[in-house]
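Q: Compute the structure for the input listed below.
(one chain, ligands or ions: 1)
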Amino acid sequence: MKLLFYVLSILLLQFSCVPRKFDAPNIILIMADDLGYGDLGCYGNTNIKTPNLDKMASEGLRFMDYHSNGAVCSPTRAALLTGRYQQRSGIEGVVYAKGETRQTGLDIKEVTFADFMKSAGYATGIVGKWHLGYNVDFNPIYQGFDFFRGYVSGNIDYHSHLDGVGIPDWWHDLEKTEEEGYVTDLITKYAISFIEENKSKPFCLYVSHESPHYPFQGRNDEPERLLNGEFKPTGTAEQKKIAYKEMIEVMDEGVGDIFTTLKKLGLKENTFVFFCSDNGGIREIGSNGNLRGNKGKLWEGGHRVPAIAWWPRYIEPGKTTDAQVMSMDVFPTFINLSKVVPKYDFQLDGMDFTRLLIENKPSEKRSLFWKYRNQKVVRNGKWKLLVDKNDTYLYNLEEDISEQNDLSSTENTITNQLKSELENWEQDVSLGVKLRTK
Ligand SMILES: [Ca+2]
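A: Below is the predicted model:
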C-alpha cells in the first residue's frame, strides 16, 4: 500500500481543491504532552509564565474548542499522524512500556502526514516523543520522517532518558544513542538544527514535546530513574507542582527559540506553526480551567485542550475561534497547505481547516466522536452526549461548559438521535480493526 502511495504520489496533480489564495508554507507542528486547557497564560493561567506562546496567540489564532482525538497519548498521536479516528489503525489505548502492548505499534503500512509531505517534496522531521511503537520496526523513519531525534516510549526520565521500565530510550533516527541533556532542551536544539539545515527547501517539522508529562523534573533536578534499575521516589505534590511550572516554562522558552530562528533565517512570514496538546491535564497537578475531568476521561477536561495557529502572512492576529477542530484535522490541513493533491483516495476522517486560518470561516458542520475505556462521546454543535458505562448524559456546552446539568431526561429527541449516531460511528470504525504485533 505504501509503495502504491509513493507511485501515485509521483502523479500528483498540481491544483488545489480550495482557492489558491496562499503560498505553500513551511510547516511546524508543536505538540505538548498532557498540557491542560488552563495551563497557559493565554488560556487564563496566572502562575505559569508562557510569554512566547502568549505572543504566538496574540499574533495568531487561538482555538477555544479544539480537541485531542484521544484522552491519552497514543490514540491522539495515531489520529494526528493518520488523519483518521485512531480506532481505524487499532490504537484506541496507550502503547505501554510494560506488558503486551509494548510489542505493538502503528502499522507502517499506514499513510502518515509525514509520508504525504515527503512525497510532496518537503523535508520531514520529528523531534521528541513518538509513542506509536517501541520496536525499531515501528520507528518514525519508517513512517515518512527523514529525521528523528527523540524517544519512542510514553515518557522518559528528563535527565537519564530511561523509559518507564528502565530501558534507555533516546534515538538518532534508527540508532539508539547516548546523549546528555534535559529532554526539553534537546528537543528544542534539534528542532532548530533541523530548521537551519532545511531553510532553503520546504520543510515539515513535528516538535513533539515531553513537557509537562511526568516524571516531574526541572533542568537542575536529579535523575529519578537510574541505569542500575533503581527508581527514586518522586517528590511531594508541592514539589511536583513547582517542577510542572518550570517544565512548561522551559518548553515555552524553546517555542520562543524556534520563533527567533524563523525570524533570523527570514522564514517568519511564510511558515505555518500550529501548537496543541495531546490530551487534557492530569488531576491535581495540571489545570483544565473550568472544565470537568482530566486526562484519561472523556469529560471536556480530558480532551478540550489549548491550540494556537500562527502564520503571519495570512492569519489575522489576535483572534479566537469557536470552531470545533480535532487532532485528525491536522493531516488534511497539511495536504491542502502543501498545495499538492494526490490522485489518490485518502478516506480521511479529518477535515481541512485552511479556510478557518485564512478567512476565519469554520468548516462545514459535522459530529465528532470519542471512545476510551468505559466512556463514549458524540458532539454535535452545542450538544454533547456522554455514555459512561450504562449511564447516559446530555450537556449543552454553550451554556454549561463545566458539564454540570444533565439534560438527557428532558431532551429526549436529541438524546436518542445522538445515541443512534454514536452507535453508527462505533460500527463504522470497528470494521476490520486489528492490532498488529511485530
Ligand atoms: Ca499525553
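Q: Per-residue pLDDT of the residue in the stretch 301-438 of the chain that the ion sits nearest to, please?
A: Ranking the residues of the stretch 301-438 of the chain by distance to the ion (CB to the ion) places Val305 first, at 9.6 Å. For the C-beta atoms, the positions are set from N, CA and C on the backbone; glycine is no exception. Reported pLDDT at Val305 in the predicted model: 98.
Q: Next, count neighbours for the nearest residue to it once chain neighbours are set aside.
A: For Val305, the nearest residue in space outside its immediate sequence neighbours is Ser277; the separation is 3.8 Å by CB to CB, 6 or more residues apart in numbering. Under the neighbour criterion other CB atoms under 10 Å, Ser277 is assigned a count of 30.
Q: Quick check, Ser277 in contact with Gly38.
A: No - taking CB atoms under 8 Å as the contact criterion, Ser277 and Gly38 are not neighbours in contact, 11.3 Å apart.
Q: At the contact with the ion, which residues of the stretch 1-150 of the chain appear?
A: Asp33, Asp34, Cys73 (CB under 5 Å from the ion).
Q: So which residue is dead centre in this protein?
A: Of all residues in the chain, the one closest to the mean position by CA atoms, centre = their mean is Asp278, 4.1 Å from it.
Q: where does the residue lying closest to it once chain neighbours are set aside fall, helix, sheet strand or coil?
A: The spatial neighbour of Asp278 that comes closest, neighbours along the chain excluded (CB to CB, 6+ apart), is Thr76 at 4.3 Å. The three-state assignment at Thr76 reads helix, by DSSP: H, G, I helix; E, B strand; the rest coil.
Q: and the residue of the stretch 1-150 of the chain nearest the ion?
A: Counting by CB to the ion, the stretch 1-150 of the chain gets nearest the ion through Cys73, at 3.7 Å.
Q: How about the contacts made by that residue?
A: Contact criterion CB atoms under 8 Å, 6 or more residues apart in numbering gives Asp33, Asp34, Val94, Lys129, His131, Gly154, His213, Asp278, Asn279 as the residues in contact with Cys73.
Q: and Arg366, how many neighbours does it have?
A: Arg366 is flanked by 13 other residues according to other CB under 10 Å.
Q: per-residue confidence at the residue nearest to it when sequence neighbours are not counted?
A: Excluding the flanking residues, the one nearest Arg366 by CB to CB, 6+ apart is Met351, at 6.8 Å. The score at Met351 is 95. That number is its pLDDT.
Q: where does Met351 land in three-state SS?
A: With three-state DSSP as the criterion, Met351 reads coil.
Q: Just give the number of residues close to it.
A: If we define neighbours as other CB under 10 Å, then Met351 has 18 of them.
Q: Same check on Leu227?
A: 11.
Q: quick one: contacts for it?
A: When contacts are counted by CB under 8 Å, 6+ apart, Leu227 is found next to Ser160, Leu162, Gly166, Pro168.
Q: Surely the third one is in a helix?
A: I take that to be Gly166. No - applying three-state DSSP, one finds Gly166 to be coil, outside a helix.
Q: these two touch, right, the residue nearest to the centre of the chain and Pro75?
A: No - counting by CB under 8 Å, Asp278 does not reach Pro75; the two are 9.0 Å apart.
Q: Point out where the stretch 301-438 of the chain drops to low pLDDT.
A: Of all residues in the stretch 301-438 of the chain, those with pLDDT under 70 make up the ranges 343-345, 432-438.
Q: Mind jotting down where the strands sit in it?
A: Listed in chain order, the strands found in the stretch 301-438 of the chain under DSSP state E, counting those that start in this stretch are 307-310, 319-321, 325-326, 367-372, 375-380, 383-388, 391-396.
Q: ditto for the stretch 51-200 of the chain
A: For the stretch 51-200 of the chain, applying DSSP E, counting those that start in this stretch gives strands covering 61-63, 66-67, 123-129, 147-151, 171-172, 175-176.
Q: Can you tell me which of the ones you listed is nearest to Lys264?
A: With CB to CB as the measure, strand 123-129 is the member of those nearest Lys264 (18.5 Å).
Q: Including mean neighbour count, could the strands of the stretch 301-438 of the chain go into JSON lines?
A: Rendered in JSON lines, the data for these read as follows (neighbours: other CB atoms under 10 Å):
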{"stretch": "strand 307-310", "mean neighbour count": "26"}
{"stretch": "strand 319-321", "mean neighbour count": "16"}
{"stretch": "strand 325-326", "mean neighbour count": "26"}
{"stretch": "strand 367-372", "mean neighbour count": "22"}
{"stretch": "strand 375-380", "mean neighbour count": "22"}
{"stretch": "strand 383-388", "mean neighbour count": "21"}
{"stretch": "strand 391-396", "mean neighbour count": "18"}
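Q: could you dump those strands to CSV with distance to Phe231?
A: Supplementary listing: the strands of the stretch 301-438 of the chain in CSV, determined by distance: least, CB to CB, whole Å:
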stretch, distance to Phe231
strand 307-310, 34
strand 319-321, 42
strand 325-326, 36
strand 367-372, 27
strand 375-380, 31
strand 383-388, 34
strand 391-396, 38
